[in-house]
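**Student:** Return a 3D structure for these sequence lines:
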Amino acid sequence: MSGSILLLGGARSGKSFAAEKLAGRAGRVHGLNVSTVVTAEALDAEMSERIFQHRERRPAGWNVIEAPIHLADGVAAAGHNDVLIVDCITVWLSNKLIKGESLESIEKSARAVAIGLSARSGPTIVVSNEVGMGIVPEHALGRRFRDLQGRVNRLLVNELDQAYLVVSGRLVPLTDDGWKAAEAFLDTP
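**Tutor:** Modelled structure (predicted):
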């Protein structure tokens, strides 16, 4: 059983919960181990609490791989046939940006991650935030991050099999049907 899913959404929309639910089901149905690659670091009390909540929700038998910077290595460390959760691309991008890595280098790393994810034989679920739907950030760093996140999300959508927008815990499929309908409408005399 293979296949890859990207879950996009805003903060606290239910992305991680959905990823965990889907991974648990795929693991049970297909008799597969579950690995999760996590990117967050406990740099303050608030993030420590978020990490604690995620740990408490995960079943004890899941393999957890910490990869706050070297995500491609984390993905490679997971069992190739395991159900894999990557949570989350947004935190990984911000970690790399805060460390001073160039946008070009981060995008190159993101391409390597996307290729590694698409090459897996086990089911893959990737979590990422949709940050471009709000106001334009006031500061240049915020705008660079927003633009980087958008480019990386598009790259992942193109490499993975399916994408869903998670809104209030609901999964809304993102398909090419919208393009086809818009093009057909414009082709109509």
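**Student:** Flag every buried residue along the longest helix seen in the chain.
**Tutor:** In the chain, taking DSSP state H as the definition, the longest helix is helix 140-159. Of the residues in helix 140-159, 145-146, 148-149, 152-153, 155-157, 159 count as buried by neighbour count, 16 or more other Cβ atoms under 10 Å. For glycine as for every other residue, the C-beta is placed from the backbone atoms N, C-alpha and C.
**Student:** nearest to residue 42, of these?
**Tutor:** residue 145 (20.9 Å; Cβ to Cβ).
**Student:** Next, the contact list for that closest one, please.
**Tutor:** By Cβ atoms under 8 Å, 6 or more residues apart in numbering, the residues touching residue 145 are 93-94, 97, 131, 137.
**Student:** State the distance from it to residue 27.
**Tutor:** 33 Å (Cβ to Cβ, to the nearest Å).
**Student:** Please, which helix or strand holds the residue most central in space within the chain?
**Tutor:** By Cα atoms, centre = their mean, the chain has its centre lying nearest to residue 127, at 2.6 Å. Assigned by DSSP states H and E, residue 127 belongs to strand 124-129.
**Student:** Name the strands paired with that strand and say parallel or antiparallel.
**Tutor:** Next to strand 124-129 in the sheet, as set by DSSP bridges, lie strand 4-9 (parallel), strand 83-87 (parallel).
**Student:** angle of the shortest one against helix 140-159?
**Tutor:** Calculated by axes from the mean of the first three to the mean of the last three Cα atoms, to 10 degrees, strand 83-87 forms an angle of 160 degrees with helix 140-159.
**Student:** same deal with the first one?
**Tutor:** On the basis of the same axes, to 10 degrees, strand 4-9 is oriented at 150 degrees to helix 140-159.
**Student:** What residue, apart from its backbone neighbours, is nearest residue 91 spatially?
**Tutor:** Excluding its sequence neighbours, the residue lying closest to residue 91 (Cβ to Cβ, 6 or more residues apart in numbering) is residue 39, at 4.4 Å.
**Student:** Regarding residue 163, what is its secondary structure?
**Tutor:** Taking DSSP: H, G, I helix; E, B strand; the rest coil as the rule, one finds residue 163 in the strand state.
**Student:** how much space between the nearest residue to residue 42 once chain neighbours are set aside and residue 41?
**Tutor:** Excluding its sequence neighbours, the residue lying closest to residue 42 (Cβ to Cβ, 6+ apart) is residue 48, at 4.1 Å. Using Cβ to Cβ, residue 48 is found at 9 Å from residue 41.
**Student:** One more: residue 120?
**Tutor:** 25 Å.
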